[in-house]
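Asker: Show me how the following folds:
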Amino acid sequence: AKGIFINDETNFGTDEITVKREDLDAFIALESNDCEVIYKFLKLEDRVAEISRKTNETDIYIKLNLDGTGKSEISTGIAFFDHMLDQIKTHGNFMLDIQAKGDLHIDEHHLVEDNGIALGQALKKALGTKSQIARYGFALPMDECLAQAQIDLSGRASFVLNANFSREKTGDLDVQMVEHFFKSLSDNADLSLILSVSDGNCHHQVEGLFKVFARALRMAITQDKSQSLASSKGCL
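Answerer: Have a look, this model is predicted:
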């Protein structure tokens, strides 16, 4: 359980015990002395979702906490894909636990696609009403590659990829599956996403796309307490 910190003091406690400000960070969910901000915070629902998806081809479990961090594990049986999903978790700054098995004796297609579907469903569920989110999100360099992501948590599914990959595979992942993963995710999260990356080393191209998506998503899900909903229509 975490608390709301409303004390302005830099040092607190009694003669018997003194608590340093930095020691409290792990237990503080909100720091504010503004009653209206605290009221809005208390009304917010936890942005957490669990998705289980089982078909004749794959068996996937995902737990997502957009406001949490901590120990989590990602295991799909595709090492490079695990590495890319870890980039989403790390640069999205949220907790993501994925346990997935599939028919890898055929190829990676079904497993990557279904992970995109399940993660998209988890993201949509965790966002709930999307109250107070910033909505939009980012460009970053991955060594020699420029990766860019434009994202809109609009409730309308759309995906465009601008990439000329320099190899057919990186690690044990066919690069065709990069587009398929993000398309599946976008469709099931009901978000608009445009991903672009310049020419360069294929590993850098793919990793740059996953990182820039995570950073854009991190911006878009940030809660802006100055507004109730980022849409003139009144819904997202």
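Asker: Number of residues surrounding residue 5?
Answerer: Summarising burial for residue 5: neighbours were counted as other CB atoms under 10 Å, giving 16. Quick note: C-beta positions are derived from backbone N, CA and C, even for glycine.
Asker: tell me the contacts of it?
Answerer: Counting by CB atoms under 8 Å, 6 or more residues apart in numbering, residue 5 touches 24, 28, 30, 31, 32.
Asker: measure it to residue 38 for me?
Answerer: Shown here: residue 5 relative to residue 38, a distance of 10 Å by CB to CB, to the nearest Å.
Asker: So for those two, which residues contact both of them?
Answerer: Any residue near both residue 5 and residue 38 by CB under 8 Å, 6+ apart counts here, and that gives 30, 32.
Asker: hang on, isn't residue 55 packed against residue 114?
Answerer: Yes. With contacts defined as CB atoms under 8 Å, residue 55 counts as touching residue 114 at a distance of 6.8 Å.
Asker: quick one: which of those two has more around it?
Answerer: Neighbour totals were compared for residue 55 and residue 114, and residue 114 leads with 22 against 12 (other CB under 10 Å).
Asker: Which residue is the nearest non-sequential neighbour of the more buried one?
Answerer: For residue 114, the nearest residue in space outside its immediate sequence neighbours is residue 58; the separation is 4.3 Å by CB to CB, 6 or more residues apart in numbering.
Asker: can you pull the pLDDT of the one you found?
Answerer: According to the prediction, residue 58 has pLDDT 97.
Asker: Show me what it is bridged to.
Answerer: Here residue 58 sits in beta bridges with residue 102, as judged by DSSP bridges.
Asker: who touches it in this structure?
Answerer: Contacts were defined as CB under 8 Å, 6+ apart; by that measure residue 58 touches 100, 101, 102, 103, 110, 111, 114, 115.
Asker: Which stretches in the protein count as helices?
Answerer: In the chain, helices defined by DSSP state H lie at 35-43, 79-92, 109-127, 176-189, 202-221, listed in chain order.
Asker: I'd like those laid out as TSV, including mean pLDDT and distance to residue 139.
Answerer: Listed next are the helices of the chain as TSV, based on pLDDT from 0 to 100; distance: least, CB to CB, whole Å:
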stretch	mean pLDDT	distance to residue 139
helix 35-43	77	31
helix 79-92	95	13
helix 109-127	96	21
helix 176-189	97	17
helix 202-221	95	7
